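Student: Pasted the sequence and its predicted model underneath.
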Amino acid sequence: MTGEQVGGAVTWGLLGAWVAHDLEELATVPGWLRRNVPELRKRFPQVPERVWQRAESISAAEFTAAVGVMGAVVGTAAAAGRLTGGRSGFYQSALTGFGLHGVVHMAQAAAVRGYTPGSVTSPLVVLPFTLWARGRLKQAGVLRPTRPRDVVVGLGAAGAATAASHLVSRRLLGAARRRSS
């Protein structure tokens with residue numbers, strides 16, 4: 001398959017796998033935070049209090065809007081991948097970030113010794129899809145090499161995209177509330 005373009009299952013599949021994963025998060029995050037932050041605050045006192053306060057203040061509407069914003073980013077990355085036959089650096093970075101995101105979910109579940117939102121679909125959808133898609137990109141001869149620095153940058157970009165999606169969602173919801181007042 002060397003030198004060939006990859007198909008839609010590899011590129012648009014990123015969006016599909018992300019949707020499956022984020023449906024789990026949409027269904028569980030707000031309630032899970034409400035139920036678990038008080039205990040987590042006690043178990044992990046080294047975490048700054050502002051982090052716990054922020055976690056407790058995320059409404060279901062804000063979280064849903066943030067997921068929508070992130071969906072636009074992932075959809076754009078998948079489209080870039082499709083248009084370039086998988087060669088897009090943006091697509092490949094998003095794919096790597098998605099896989100790393102799944103590893104973070106599994107680490108969170110290990111740290112709390114139990115369920116955390118996203119920890120079911122991470123080993124069942126996120127990681128298998130990421131590994132499969134990267135394998136297809138490699139077979140096609142279009143996979144860019146991943147260096148340790150890329151992992152650090154990927155995690156940073158994923159964190160920044162998550163923070164930005166929440167910032168945008170808060171602004172959008174605030175603007176909507178001001179218009180309805």
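Tutor: Thanks, I have it.
Student: only C-alpha atoms for contact and neighbour calcs from this point on.
Tutor: Fine.
Student: Just the helices from this structure, written as ranges.
Tutor: Along the chain, the stretches classed as helices by DSSP state H are 8-43, 49-57, 60-83, 89-112, 121, 127-139, 148-180.
Student: out of the ones you listed, deepest packed?
Tutor: helix 121 (a mean of 22; mean count of other C-alpha atoms under 10 Å).
Student: okay if I get the helices of the chain as JSON lines plus mean pLDDT?
Tutor: Shown next, in JSON lines, are the helices of the chain (pLDDT from 0 to 100):
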{"stretch": "helix 8-43", "mean pLDDT": "95"}
{"stretch": "helix 49-57", "mean pLDDT": "88"}
{"stretch": "helix 60-83", "mean pLDDT": "92"}
{"stretch": "helix 89-112", "mean pLDDT": "93"}
{"stretch": "helix 121", "mean pLDDT": "98"}
{"stretch": "helix 127-139", "mean pLDDT": "97"}
{"stretch": "helix 148-180", "mean pLDDT": "70"}
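Student: how far away is residue 110 from residue 104?
Tutor: Using C-alpha to C-alpha, to the nearest Å, we find residue 110 at a distance of 10 Å from residue 104.
Student: ditto for residue 46
Tutor: 19 Å.
Student: Please apply the same query to residue 82.
Tutor: As judged by C-alpha to C-alpha, residue 82 and residue 104 stand 27 Å apart.
Student: and what of residue 57?
Tutor: 22 Å.
Student: ok, now residue 137?
Tutor: For residue 137, the distance to residue 104 equals 23 Å [C-alpha to C-alpha].
Student: Now the phi/psi pair for residue 85, please.
Tutor: phi 60, psi 30 (degrees, to the nearest 10).
Student: Repeat that for residue 141.
Tutor: phi 80, psi 20.
Student: who's in contact with residue 130?
Tutor: Shown in contact with residue 130 (C-alpha atoms under 8 Å, 6 or more residues apart in numbering): 14, 95-96, 98-99.
Student: could you redo the last one with a cut-off of 10 Å?
Tutor: 10, 13-14, 17, 92, 95-100, 102, 136 (C-alpha atoms under 10 Å, 6 or more residues apart in numbering).
Student: do residue 52 as well
Tutor: Neighbours of residue 52 in contact, by C-alpha under 10 Å, 6+ apart: 33, 37-38, 40-41.
Student: mind checking how far it is from residue 65?
Tutor: 20 Å.
Student: again, but for residue 98
Tutor: 19 Å.
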